[in-house]
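Peer 1: Build me a model from this:
(chains A and B)
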Amino acid sequence: MPSLAAALLDLRELDRLARLDTPVHRLDPRAKVLATAAFLATLASFGPREVSALLPLALFPVALAALGEVPFGLLARKTLLGLPFILVLGAFLPWVDRVPVLQLGPLAVSGGWLAFASLLVRGLLAMVTATALVAVTGFGDLCAALDRLGAPRAFSQQLLFLHRYLFLAGEETGRALQARELRAFGRPLAPREYGAFAGHLLTRSWERAERVHAALRARGFDGVLPARAQTAFGTGAWGFLLGWSAFFFLCRWLALPALLGGLLAGGGS
Amino acid sequence: MADALVSAAVGGSFWALSGGALAGCSRRLRRDEDERRVPLMGVLGAFVFAVQMVNFAIPGTGSSGHLVGTLLLSALLGPPAAVLVMGSVLLVQALFFADGGLLAFGCNLFNMGILPALVAYPLVFRPLDRRGHPAAGAILGAVAALQLGALAVVLETVLSGLTGLPFRPFLLAMLPIHLPIGLAEGLATALLLRFLRRARPELAAVRPEPAGRPLLALVLGAAVLTAGMLSWAASSRPDGLEWSVSRVAPAGADAPDGAVHRFAARLQRRTSVLPEYALPGTEPAGPAASRRGTSLSGLLGGAATLGLVAGAGWLITRGRRILRARPEA
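Peer 2: Below you'll find the model as predicted:
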C-alpha cells in the first residue's frame, strides 16, 4: 500500500494524462475497455509455464502507452508497487516443483522456476495494461463506457461519485494524520484512539455527504448524474478492437517467439 | 488476489458471480428510491479508501493493522450498498494502484465484498449486534469474513492451477496469517462503531432486520460457491473423468472429512502430473524439434520478441515527436 500522499499524487498524474488529446485518447472508450478485456482473457488463458509465448502480448500496453504519450517511468513505478505480492507468492514455486524441464547448456531449469517467471511476466503485463488503459481513457470516460456496456447504473454512478471525493477524503485524512503525528512524537496510533480518529473523519464525511446532497437537490438532482457527451462507435473503434483481437488470437494460437527463434537458430547454425 | 494468479476460467467465473451480485445489489438499491444514499455511498467509499491507509498499533504484537471496511459499511448502509461501495473501491485500486487487478476483480470483490457483506454480516454480526454485543459481533464477524476470504483465495489460486501450490499446505499457511488480520479488522470496526453510536447515534443505529434475509444470504453464499466450483470444473477440465468421479461420489453421505480429503488429493494429483506436460511454446502449433533445440529457440525467440516490442514502442514515440515538431517548424 502506498502512502496516502503518494497515492493522491499518482491519482492526479493519471487524471492529468487522461486529459491529453492523442489518437488513442480520442477512441471510443468502449473499444479500449473491450480490447483490454480481450487482452486479459488471452493473457490468462496461457498455461502455467508459458513464458516466451506471453511476450508478444506486451505490444498492446507498449503501443497504448506510446501512442497515448504515457511516460514509461510512470508505468514502471506503478508496476513496481504491485510486484511484492507476486514475488512473495512466487518465491515458493521453485520449492514446490523441482522437476527440471528445460536444459539451458549446463543449467537445468525446474518447472517451478518457469512457473515463477511466467507469474512475473503475467503480473507485469496485467498491471502495465491497467495503468495504460486508465491513463489514455480517464476515469470518467471509463465509467461512461462501463455504463454503456451494460454495467448496473447504480455501480457506474457510485464509481463517479467515489472518484470525485477521493481527493477530498484523502487530503482530509492526510491533514488529520499529520496533525496527529506532530503532536504524538512518533507514538503509534493506539486502538483506543483509532475509534475517535477515524470516527471523526467518518462523521465529517457523512456531514459532507448531506451537504453535497442538499446542493445536488438544489440543482435538480434526481438520483442520476447527467451523462457526458457520447462518442459514436466508429470505424476507428471497430478497427482498434478487431485489429487487436486478431493480434491476441494470433499470439494465442501461434507461438510467435518460438517460430522467430526457430528461424534465428536455423539461420545461425 | 492478483491477476497473475488467476486463470481465464476462474477469473471469468468469479467475474460472472460478482457481476451478478453487483447487479442484484443495484436492483435492490434502486427499489429503495432513496436518492440521498447516492452521494452518501460515494463519500463513504472515499472515506474507506483513505482510512484503509491509516494504520494503528495492535497491542502487544508490535505490528499494525488497518480497516478494510466492508463490515462497517454493511452496518452503516446495509449489505447491498456495502457490496457496491467495496466494488467501486476495489476497481479504483486495481486501475490506479496496480493493487489486485482487473481480471482478478471478480475474485477480489467476492473475497472482500460479498463474503463479508452477504455472509459474515447477516450470519454473525447482525444477530450478535441485535442481542446487544456489537463488539463481539464485529470481531467474530470480521474473523469469519477473513477466514472465508483466505479460503476463497486458496481455492481460486489452486483452481487456477498457475502456481502448482498444493492445496492443503497453502490453506494451512493462509488461515493462520489471516487470523490476526481478521482480529485487527474486527477491532477497528468495533471501535469505529462504538464511537459513532456514542457521538452520532442517529447515523449508526442498529439496523432493523428484514425478514428472511439471513437464510437468503446463506443460500446465496452456498450457491455462489457451488456455482464457482461447477463452472471451473466444467470449463477447465477437458478430460472430465476425474470431475465426474467426484460428482458421483456422495459428498454429504460420507464423513465430510473424507470428502475434503478426496478433494485435496485430487488437486494434488492434478498438480503433480504437470511435469509430464510439454515445454512452453512447443505444445500448440510449435515446430517439431528436439527438446534442446526448442529451448534454445524459445530463448532466442523470446529475446527477439522483446526487442521487437521495445523497438515498436521506440518507433511510435519517436514518430510522434517528429510529427509534433513538424507543424511548429
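Peer 1: what about residue A:193, helix or strand, and which?
Peer 2: Residue A:193 is part of helix A:191-218, with elements assigned from DSSP states H and E.
Peer 1: just checking, what packs against whatever helix or strand comes next after that helix?
Peer 2: With elements assigned by DSSP H and E, the helix or strand that comes after helix A:191-218 is helix A:235-253. With contacts taken as 3 or more Cβ pairs under 8 Å, 6 or more residues apart in numbering or on different chains; DSSP states H and E, helix A:235-253 sits against helix A:29-45, helix A:59-67. All C-beta atoms are positioned from the backbone trio N, CA, C, and that covers glycine.
Peer 1: for the last one, packing partners?
Peer 2: Spelled out, that is helix A:59-67. helix A:23-26, helix A:29-45, helix A:72-90, helix A:111-137, helix A:235-253, helix B:291-328.
Peer 1: Quick check: which of those helices is buried the most?
Peer 2: helix A:111-137 (a mean of 25; mean count of other Cβ atoms under 10 Å in any protein chain shown).
Peer 1: so does the very next helix or strand once past that helix get close to chain B?
Peer 2: Sequence order places helix A:139-148 as the next helix or strand after helix A:111-137, per DSSP H and E. Yes - judged by Cβ under 8 Å from any Cβ of the partner chain, helix A:139-148 comes into contact with chain B through A:139, A:142.
Peer 1: Show me what secondary structure element comes after helix A:139-148.
Peer 2: Next along from helix A:139-148, by DSSP H and E: helix A:153-184.
Peer 1: Same list, the helices and strands packed on helix A:59-67, but as TSV with mean pLDDT and distance to residue B:90 please.
Peer 2: TSV is the format used below for the helices and strands packed on helix A:59-67 (pLDDT from 0 to 100; distance: least, Cβ to Cβ, whole Å):
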stretch	mean pLDDT	distance to residue B:90
helix A:23-26	87	25
helix A:29-45	91	16
helix A:72-90	80	14
helix A:111-137	88	12
helix A:235-253	90	25
helix B:291-328	72	30
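Peer 1: between these, which gets nearest to residue A:10?
Peer 2: helix A:72-90 (7.0 Å; Cβ to Cβ).
Peer 1: I'd like to know which elements that closest one is packed against.
Peer 2: Against helix A:72-90 (3+ Cβ pairs under 8 Å, 6+ apart) you get helix A:4-18, helix A:59-67, helix A:111-137, helix B:79-97.
Peer 1: Helix A:111-137 and that one, what's the angle between them?
Peer 2: 150 degrees (axes from the mean of the first three to the mean of the last three Cα atoms, to 10 degrees).
Peer 1: Can you name the residue of the stretch 51-200 of chain A nearest chain B?
Peer 2: residue A:161 (2.4 Å; Cβ to the nearest Cβ).
Peer 1: Just the element for the residue nearest to that residue when sequence neighbours are not counted, please.
Peer 2: Closest residue to residue A:161 in three dimensions, ignoring its sequence neighbours and counting by Cβ to Cβ, 6 or more residues apart in numbering or on different chains: residue B:42, at 2.4 Å. If you go by DSSP H and E, residue B:42 is part of helix B:37-51.
Peer 1: which other helices and strands contact that helix?
Peer 2: Secondary elements touching helix B:37-51 (3+ Cβ pairs under 8 Å, 6+ apart): helix A:153-184, helix A:191-218, helix B:70-77, helix B:79-97.
Peer 1: so where is the stretch 101-250 of chain B shaky, pLDDT-wise?
Peer 2: B:204-250 (pLDDT under 70).
Peer 1: List, one by one, the residues from it near chain A.
Peer 2: Residues of the stretch 101-250 of chain B lying near chain A (Cβ under 8 Å from any Cβ): B:101-103, B:161-166, B:187-188, B:191-192, B:194-196, B:199-200, B:203.
Peer 1: List buried residues within the residues you listed.
Peer 2: Among these, those scoring as buried are B:101-103, B:161-166, B:187-188, B:191-192, B:194-196 (criterion: 16 or more other Cβ atoms under 10 Å in any protein chain shown).
Peer 1: quick one: which of those residues sit in helices?
Peer 2: B:187, B:188, B:191, B:192, B:194, B:195, B:196 (DSSP state H).
Peer 1: so who does the residue nearest to the spatial centre of chain A touch?
Peer 2: Taking Cα atoms, centre = their mean, the centroid of chain A lies closest to residue A:130, which sits 2.8 Å from it. Going by Cβ atoms under 8 Å, 6 or more residues apart in numbering or on different chains, residue A:130 touches A:36, B:94, B:95, B:98, B:101, B:102.
Peer 1: Is it correct that the first one is in contact with residue A:133?
Peer 2: Yes - assessed by Cβ atoms under 8 Å, residue A:36 is found in contact with residue A:133 at 5.0 Å.
Peer 1: ok, back up a step: and the helices and strands packed on helix B:37-51: which comes nearest residue B:107?
Peer 2: helix B:79-97 (10.1 Å).
Peer 1: following that closest one, which helix or strand comes up?
Peer 2: helix B:105-109.
Peer 1: which helices and strands sit right next to that next one?
Peer 2: Using 3+ Cβ pairs under 8 Å, 6+ apart, helix B:105-109 is in contact with helix B:8-32, helix B:79-97, helix B:134-160.
Peer 1: before we move on, the earlier item: same list, the helices and strands packed on helix A:72-90, but as JSON lines with distance to residue B:172 please.
Peer 2: Putting these into JSON lines (distance: least, Cβ to Cβ, whole Å) gives the following:
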{"stretch": "helix A:4-18", "distance to residue B:172": "34"}
{"stretch": "helix A:59-67", "distance to residue B:172": "37"}
{"stretch": "helix A:111-137", "distance to residue B:172": "20"}
{"stretch": "helix B:79-97", "distance to residue B:172": "27"}
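Peer 1: and residue A:220, which of those helices is closest to it?
Peer 2: helix B:79-97 (23.6 Å).
Peer 1: Next, the angle helix A:139-148 makes with the closest one.
Peer 2: Going by the same axes, to 10 degrees, helix B:79-97 makes 130 degrees with helix A:139-148.
Peer 1: quick check: angle from helix B:79-97 to helix A:153-184?
Peer 2: Going by the same axes, to 10 degrees, helix B:79-97 makes 70 degrees with helix A:153-184.
Peer 1: quick check, helix B:79-97 touching chain A?
Peer 2: Yes - counting by Cβ under 8 Å from any Cβ, chain A has neighbours in helix B:79-97: B:84, B:85, B:87, B:88, B:89, B:91, B:92, B:94, B:95, B:96, B:97.
Peer 1: could you list every residue that touches the second one?
Peer 2: What that stands for is residue B:85. Contacts of residue B:85 by Cβ under 8 Å, 6+ apart are A:158, A:162, B:41, B:44, B:45, B:48, B:73, B:77.
Peer 1: roughly how far apart are the closest residue to residue B:109 other than its chain neighbours and residue B:114?
Peer 2: Spatially, and ignoring its direct neighbours in sequence, residue B:109 is nearest to residue B:18 (4.1 Å; Cβ to Cβ, 6+ apart). Distance, residue B:18 to residue B:114, by Cβ to Cβ, to the nearest Å: 6 Å.
Peer 1: likewise residue A:113?
Peer 2: For residue A:113 relative to residue B:114 (Cβ to Cβ), the value is 36 Å.
Peer 1: ditto for residue B:165
Peer 2: 24 Å.
Peer 1: Residue A:217 too?
Peer 2: For residue A:217, the distance to residue B:114 - Cβ to Cβ - is 32 Å.
Peer 1: if you count what's nearby, which of these two comes out ahead?
Peer 2: Taking other Cβ atoms under 10 Å in any protein chain shown, residue A:217 and residue B:114 do not tie; residue B:114 has more neighbours (31 against 13).
Peer 1: shouldn't that one be in contact with residue B:20?
Peer 2: No - look at residue B:114 against residue B:20 with Cβ under 8 Å: they stay out of range, at 10.0 Å.
Peer 1: Which residues are in contact with residue B:83?
Peer 2: B:21, B:22, B:25, B:109, B:113, B:114, B:117, B:118.
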